[in-house]
Structures are given as structure tokens and as C-alpha cells.
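Peer 1: Here's a sequence, model it:
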Amino acid sequence: MLCPRCSRANAIVDYQGWQDDTVVWTIFRCITCCFSWRDSEPASTIGVGARSADFAVDAANLDRYPKILQQVGK
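Peer 2: This is a model prediction of the structure:
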């Protein structure tokens, strides 16, 4: 799965929503940039070509982005 934010092909499935015996939506998470999304979101949000370039991340240079949140207790 291609990440809508950094365009890397290394997203994993975090969760799937089931109805009866059918998967109705899936949440993916990129292991490079930590972006997560649900496959039922509109293309303007998760489409690599349709998503605004203002929200893209350069996966080759992740250190240039400041760390905003930090996990507490580790």
C-alpha cells in the first residue's frame, strides 16, 4: 500500500472494521512517516495524485521535520 503522505510503499494494516463476515473498511499506517488513514476516506484525502502537495513529507529527509509530540514515560 502506498502512503498518501510520503509515497513509500510500506504501509501496514492497523485495524479492520467488520460487518458480519465482511471487511468494510481498513485503517493503514505508514511505518516511515507514521501517517494513518482509512481506505474509505475520499481521494482528496488519501489519493497520492489528488492530495495537496502542501501535506507531503519527504521520506528521504525525515530528520528535517521537528518532533512535535513525544511519547511520555519512555
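
Peer 1: Contacts for stretch 55-73, please.
Peer 2: Around stretch 55-73, the neighbours that count as contacts under Cβ atoms under 8 Å, 6 or more residues apart in numbering are 3, 5-8, 32-33, 35. C-beta here means a position set from N, CA and C on the backbone, and glycine is covered the same way.

Peer 1: Now for these: which two are most distant?
Peer 2: Using Cβ to Cβ, the two most remote members of these are 7 and 35, lying 10.7 Å apart.

Peer 1: Can you check the contacts of stretch 55-73 and name whichever has the most neighbours?
Peer 2: The most neighbours of any of the contacts of stretch 55-73, using other Cβ atoms under 10 Å, belong to residue 3, which has 25 neighbours.

Peer 1: how near is the nearest residue to that residue once chain neighbours are set aside to residue 22?
Peer 2: Once flanking residues are discounted, residue 3 sits nearest to residue 30: 3.8 Å by Cβ to Cβ, 6 or more residues apart in numbering. Per Cβ to Cβ, to the nearest Å, residue 30 is found 25 Å from residue 22.

Peer 1: now do residue 38
Peer 2: Remark: distance between residue 38 and residue 22 (Cβ to Cβ) = 16 Å.

Peer 1: shaky segments in this structure?
Peer 2: Residue ranges of the chain with pLDDT under 70: 69-74.

Peer 1: in it, which spans are strands?
Peer 2: 11-19, 22-30, 36-38 (DSSP state E).

Peer 1: Does anything pack onto the shortest one? Which helices or strands?
Peer 2: Under the contact criterion of 3 or more Cβ pairs under 8 Å, 6 or more residues apart in numbering; DSSP states H and E, strand 36-38 touches strand 22-30.
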